[in-house]
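Colleague: Give me coordinates for this.
(2 chains, ligands or ions: 2)
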There are 2 protein chains.
Amino acid sequence: MSTNTLQKDELLRGGQFLVKETKCEDVFTLEDLSEEQKMMRDSTKEFVDRELWAHWERFEQKDYAYTEETMRKAGELGLLGIAVPEAYGGMGMGFVSTMLVCDYISGATGSFSTAFGAHTGIGTMPITLYGNEEQKQKYVPKLASGEWFGAYCLTEPGAGSDANSGKTKAVLSDDGKHYSITGQKMWISNAGFCNMFIVFARIGDDKNITGFIVENDPSNGITMNEEEKKLGIHSSSTRQVFFNDTKVPVENMLSERGNGFKIAMNALNVGRIKLAAACLDAQRRVINEAVKYANERVQFKTPIINFGAIKGKIADMTTNAYAGESASYRAAKNIEDRIAMREADGNSHQEAELKGVEEYAIECSILKVAVSEDVQHTADEGVQVFGGMGFSADAPMEKAWRDARIARIYEGTNEINRMLAVGMLVKKAMKGHVDLLGPATAVGEELMGIPSFDAPDFSVLFAEEKDLIARLKKVFLMVAGSAVQKFGPELEKHQQLMLAASDILIEVYMAESTILRTEKNAKRFGEDAQATQIAMSRLYLYNAVETCIKKGREAIVSFAEGDEQRMMLMGLKRFTKYTNYPNVVALRTQIADKVAADNGYTFD
Amino acid sequence: MSTNTLQKDELLRGGQFLVKETKCEDVFTLEDLSEEQKMMRDSTKEFVDRELWAHWERFEQKDYAYTEETMRKAGELGLLGIAVPEAYGGMGMGFVSTMLVCDYISGATGSFSTAFGAHTGIGTMPITLYGNEEQKQKYVPKLASGEWFGAYCLTEPGAGSDANSGKTKAVLSDDGKHYSITGQKMWISNAGFCNMFIVFARIGDDKNITGFIVENDPSNGITMNEEEKKLGIHSSSTRQVFFNDTKVPVENMLSERGNGFKIAMNALNVGRIKLAAACLDAQRRVINEAVKYANERVQFKTPIINFGAIKGKIADMTTNAYAGESASYRAAKNIEDRIAMREADGNSHQEAELKGVEEYAIECSILKVAVSEDVQHTADEGVQVFGGMGFSADAPMEKAWRDARIARIYEGTNEINRMLAVGMLVKKAMKGHVDLLGPATAVGEELMGIPSFDAPDFSVLFAEEKDLIARLKKVFLMVAGSAVQKFGPELEKHQQLMLAASDILIEVYMAESTILRTEKNAKRFGEDAQATQIAMSRLYLYNAVETCIKKGREAIVSFAEGDEQRMMLMGLKRFTKYTNYPNVVALRTQIADKVAADNGYTFD
Ligand SMILES: Cc1cc2nc3c(=O)[nH]c(=O)nc-3n(C[C@H](O)[C@H](O)[C@H](O)COP(=O)(O)OP(=O)(O)OC[C@H]3O[C@@H](n4cnc5c(N)ncnc54)[C@H](O)[C@@H]3O)c2cc1C
Ligand SMILES: Cc1cc2nc3c(=O)[nH]c(=O)nc-3n(C[C@H](O)[C@H](O)[C@H](O)COP(=O)(O)OP(=O)(O)OC[C@H]3O[C@@H](n4cnc5c(N)ncnc54)[C@H](O)[C@@H]3O)c2cc1C
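Modeller: Numbers count the residues shown, from 1 in each chain, chains lettered A, B, ... in the order given. Ligands and ions are numbered 1, 2, ... in the order given. All right, here's what the predicted structure looks like:
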């Protein structure tokens, strides 16, 4: 059973997962990789082991030159051009393959994966997505091969989350031949060794900023501060960049005047899902190291893996990584399919890619938040498994913990992404792109009605779990629906409610993806072969339900009162109830025992 | 209203908080400090601002010499001898004053507070608690003045959590005059500049280790590795120490042969509650910096403090700090009173202190876990409030985040302390020191009975909250009681259940302490003056209830089935139900607005 080739009306739109049921045959999983994709994954892993993992000290010792050197090597292997169309010197592979490389290249050190992401993602994509033919011909082949490196200059001292508020100016010359750019950019990854910047600047008093391709030429008014001293990703070059009357030919404007904010946001959409992928192998490697240590470290006359406290950690870490994989590749394939569909409909590849990613911006934000928090949590537990050695820079957990911290900050902070996820969904509903109103009204009616007392038949694998997922969706619809009704467009100002709703949305997507992946695999490989994955899916869902209860209640008691509150709390209870609770400790033990026996993570 | 002077039978025993109600008049709060204690606090703060806070870069740059220099200065000010009896050159102040200094000295840098704690706590206390008169006369005055510094050598490469399993040997010389110590100790704080070690070693094949006072004399077979490279507390000296046939006069044995494990554990009890205190001012300073930043940083044309997402963080951070204070000083005064009571009963000060602290070992473990996790969470949110600047080593959050990480590892990992808290409580019950059986049986009967449907009168301040606390205690009794019944002494092997029960126990103690403090202050200062504190107490409790629901359910579904499970889940629901749910978002907003207006934490 491979993944169904979906017809246009079968492929869910972004955000629609919330109101439509997805069949397990319709999700793509890591187990569906083609032979070519597996080769790609393996050669990426091999590169990482050889060039990065074996030299982790150099990355910790702020050996920026080594980052550049290894980036160059990645270019030679073609790893920088995966997503770039063949016409511009790339490999023209699909979105799933791009994700695969982002995933497996990230395991060794956040320094390299930041350099990789800044270059291939936000440094290159604005040109492949928005550049004209000349721009693409001129710059993309160099970027795809690693002859040149790119950087992305959006953030300024006064403009971070509020990215459109930058003060950098672009002034057209009298002869109309070039723009002169002046301003200060901050936190620019790859600044120290890049050949080219994507720079966002404002022309006149434009409402929106404009994007430019700016070659890095110190004789052209470009200066930099020293490297920033950072908590983690020590060998990722991060500098302030000053443009002082930097001349940029008019041909180097990206897209149109005032289109920069849109470019910036769309580059970030792709960046977000890729960042999620880039937090996956980091998790797997932390799990591997933690399990190896726990199998070897003896206290109280027994390897510490035998303690329930340690098993609980290993099980949670493993389950989150598995869930992250499930959701990331599910979304990646949706994007790939959407792009293909649009191309089939006559869109150019460029346009198709742009719209394909934009369609799933909600899922991209969800993934960014969920997986960046998982990698932190996993590294944190990794430190704890190592005890005192977790605090030592000679052991692997210390750097993993520091490196993980950046993922919650860049590509839009997790607060911003949480609010975006819900905000975009509500907007889609308003525009009629996703019908939330109908289902929300139905939930409202269900709340008033008498619940069915029929004992449901939960004998088939995941029958109860899928029923629960359907009900968790109702929790979101109940909470977000009433909040929209109550506050209308003012809802945006009620950020704590937005955040609570967002946490429910995130858990729904992650839990559903995990169950669908396992269901699909259980159908083709058998339930026995998937016993651990079944346990992980159940454990993930159990925790997701707990989060939905907590966040749902927090929202309900904060915006509803009296009878309405009581009714919604009743609904919350009804929608989150298990008929057969899983034995959580037994699930964790089962999962940890398998990982311990395998001495590592073996589910990818 | 000052704190009641409690009669022997009124002062609760350690762990008894779980089964007895405490009157608010009976808890000591930060608002009860004497003038002398306030002066002590203020001069500590002043010292910290002048000598530590102003020089934070030196601590980050691994300037170990500066740590030693400032420790010396602390000694000159008398800060190293607070807890030491006057007879041995100290100030002989009570336990609360000792805690105050540990608290306020910790704000600037974990490097100094680790040095301070290792010296005054585990480095000095084994002698003041277990030393004989000659040992005390000889060593304690030097340690109290800062002429000498102490270190504590318990951990070995193969003996961390399992502290009694060390391989270091002590062999009596033929003439019976000295022991010769040989072994490797690891992670020894202050090793680089200490004059004396407390060393634990095994004599022959003794079951338990023995404690020794060992002067640091390199010509006596003592060598050290280089400084460990650590994640945080960069200027705390941490080295491996090797003893190779190190001669120690027999007079330097602490207490008796084979008593070392007991010494080590009791030193850790004191260490744990002091460590909790040492995580308090670190939290306040992080909050202060975060609020200042949030008040100043403008995005989207408004200071970011105006965003609900930021308010939520500030409110949670503040509430946790307030709860940590409430519980830490409550327990500290219990210890102080217990010591006084024992002295009045004719115990020597030494014996009284030993037993006084030992009595509250459960509370010490609870506090260690709760407050060390709060300081990490607070630093983590502090990083997030700073956005990209949170990741910069030039801004204050980066080091706070790294420094906080150690507190969950040393003085017994949080896993070990969680299990100890429940384990010790169960043992106390078995020994009849705390009657858990009676109350647990009563809860069992209540579960079978019909709940009362009378509408309770919750009009008095905290009436509902206190009723809830009483019910949360029932949740613990129900869960732990049934687990004990089911597993008997085997319960220890069911660590995940122990951990879940422990989380409930912790929340009960923290939430109750918070409410009692505020209740006491509201009675004397008026409810209006305590409006924010009332909001914090309610918010803390709300979150505590959520934790108890989650952990209670996790335990119940994992060890009970069928009717028993259903009955206990019903009980869980009944015991955690609010009649009037608080508006959580409104509470957070109220708290954050006050902190924002004050531009800092002003509740201590
Ligand atoms: C190591 C590193 C590498 C980076 N690389 C690049 C790069 O290559 N190119 C580039 O352009 N940028 C880069 N950045 C910048 C990064 O994208 C920004 O740091 C990020 O967007 C946050 O902006 P800020 O730091 O200004 O934080 P702020 O926007 O000031 O945010 C501070 C806090 O306020 C919150 N906040 C802000 N606005 C709102 C709101 N409306 N509602 C609720 N909460 C809000 C945030 O969530 C955060 O908690 C990098 C940053 C770092 C640290
Ligand atoms: C910076 C620093 C300073 C220190 N200073 C001192 C000092 O001055 N003097 C000194 O003597 N020591 C010191 N220590 C040592 C510290 O006390 C130990 O690191 C700590 O007790 C944990 O022991 P460990 O590192 O051997 O971890 P381990 O005991 O190996 O623990 C590894 C993991 O297993 C878990 N685990 C272990 N046993 C069990 C169990 N029975 N059940 C469930 N889980 C279990 C732990 O919780 C942890 O998660 C210091 C450590 C550090 C990092």
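
Colleague: Residue in the stretch 1-150 of chain A with the shortest distance to ligand 1?
Modeller: Here the stretch 1-150 of chain A gets closest to ligand 1 at one residue, A:A118, 4.9 Å apart by C-beta to the nearest ligand atom. Where C-beta positions appear, they are placed from N, C-alpha and C, glycine not excepted.

Colleague: what residues are up against the residue nearest to that residue when sequence neighbours are not counted?
Modeller: What sits nearest to A:A118 in space, not counting adjacent residues and going by C-beta to C-beta, 6 or more residues apart in numbering or on different chains, is A:S189, at 3.8 Å. Neighbouring residues of A:S189 by C-beta atoms under 8 Å, 6 or more residues apart in numbering or on different chains: A:114-115, A:117-118, A:151-152, A:236-238.

Colleague: and those residues, which of them are in strands?
Modeller: If you go by DSSP state E, the contacts of A:S189 have A:151-152, A:238 in strands.

Colleague: Could I have the ChimeraX command that selects the buried members from those residues?
Modeller: This is how ChimeraX selects the buried members of the ones in strands among the contacts of A:S189, with burial counted by 16 or more other C-beta atoms under 10 Å in any protein chain shown:
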select /A:151,152,238
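
Colleague: among the ones in strands among the contacts of A:S189, which are within reach of ligand 1?
Modeller: Contacts with ligand 1 within those, counted by C-beta under 6 Å from any ligand atom: A:152, A:238.

Colleague: Would you mark the buried spots in the longest helix that chain A contains?
Modeller: In chain A, with assignment by DSSP state H, the single longest helix is helix A:308-344. For helix A:308-344, burial by neighbour count (16+ other C-beta under 10 Å) applies to A:308-342.

Colleague: Disregarding flanking residues, what is the spatial nearest neighbour of A:N225?
Modeller: A:Q240 (4.0 Å).

Colleague: Kindly report the same for A:L143.
Modeller: A:T124 (4.7 Å).

Colleague: Just to check, the one you found is in contact with A:F149?
Modeller: No: checked against C-beta atoms under 8 Å, the pair A:T124 and A:F149 is beyond contact range at 9.5 Å.

Colleague: what comes up buried for the helix or strand containing A:A480?
Modeller: Under the criterion of DSSP states H and E, A:A480 resides in helix A:463-487. By 16+ other C-beta under 10 Å, the buried positions in helix A:463-487 come out as A:464-466, A:468-469, A:471-484.

Colleague: low pLDDT regions in chain A?
Modeller: When residues are selected by pLDDT under 70, those of chain A lie in A:1-9.

Colleague: wait, what's in contact with the residue of it found nearest ligand 1?
Modeller: Residue nearest to ligand 1 within chain A: A:G160 (1.6 Å; C-beta to the nearest ligand atom). By C-beta under 8 Å, 6+ apart, the contact list for A:G160 reads B:299, B:387-388.

Colleague: Pretty sure A:F212 sits in a strand.
Modeller: Yes: assignment of A:F212 by DSSP: H, G, I helix; E, B strand; the rest coil places it within a strand.

Colleague: Just list the residues touching it, thanks.
Modeller: Counting by C-beta under 8 Å, 6+ apart, A:F212 touches A:170, A:179, A:181, A:198-201, A:248, A:252-254.

Colleague: and these, which of them are in strands?
Modeller: Those of the contacts of A:F212 lying in strands (DSSP E): A:170, A:179, A:181, A:198-201, A:248, A:253-254.

Colleague: Can you tell me which of the residues you listed is nearest ligand 2?
Modeller: Nearest member of these to ligand 2, counting by C-beta to the nearest ligand atom, is A:I198, at 43.2 Å.

Colleague: From B:R272, how far off is the closest one?
Modeller: 53 Å (C-beta to C-beta, to the nearest Å).

Colleague: got it, and A:E86?
Modeller: Taking C-beta to C-beta as the measure, A:E86 and B:R272 are separated by 63 Å.

Colleague: same question, A:N208
Modeller: Separation of A:N208 from B:R272 (C-beta to C-beta): 56 Å.

Colleague: Spell out which parts of the stretch 401-550 of chain A neighbour ligand 2.
Modeller: Taking C-beta under 6 Å from any ligand atom, no part of the stretch 401-550 of chain A reaches ligand 2.

Colleague: Pick out the residue of the stretch 401-550 of chain A closest to ligand 2.
Modeller: Of all residues in the stretch 401-550 of chain A, the one sitting closest to ligand 2 is A:W401 (13.5 Å; C-beta to the nearest ligand atom).

Colleague: so who does the residue in chain A that ligand 2 sits nearest to touch?
Modeller: Closest contact between chain A and ligand 2, by C-beta to the nearest ligand atom, is at A:G387 (2.2 Å). By C-beta under 8 Å, 6+ apart, A:G387 lies in contact with A:297, B:160-161, B:409, B:413.

Colleague: quick one: which two of those are the most distant?
Modeller: Across these, the longest distance by C-beta to C-beta is 14.0 Å; it joins A:R297 and B:I409.

Colleague: And stretch A:32-43, what's buried?
Modeller: Within stretch A:32-43, the residues scored as buried using 16+ other C-beta under 10 Å are A:32-33, A:37, A:40-41.

Colleague: Number of residues surrounding A:K73?
Modeller: Applying other C-beta atoms under 10 Å in any protein chain shown, we find 15 other residues in the vicinity of A:K73.

Colleague: picking up where we left off before, check the ones in strands among the contacts of A:F212 and tell me the two furthest apart.
Modeller: The most widely separated members of those are A:Y179 and A:I198, with 14.0 Å between them, by C-beta to C-beta.

Colleague: near ligand 2, which residues of the stretch 251-400 of chain A?
Modeller: Close to ligand 2, as judged by C-beta under 6 Å from any ligand atom, the stretch 251-400 of chain A has residues A:297, A:299-300, A:304, A:307, A:309-310, A:384-385, A:387-389, A:391.

Colleague: Buried among these? Need that as a selection in ChimeraX.
Modeller: Typed into ChimeraX, the line below selects the buried ones among these, using 16+ other C-beta under 10 Å:
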select /A:297,299,304,307,309,310,384,385,387,388,389,391
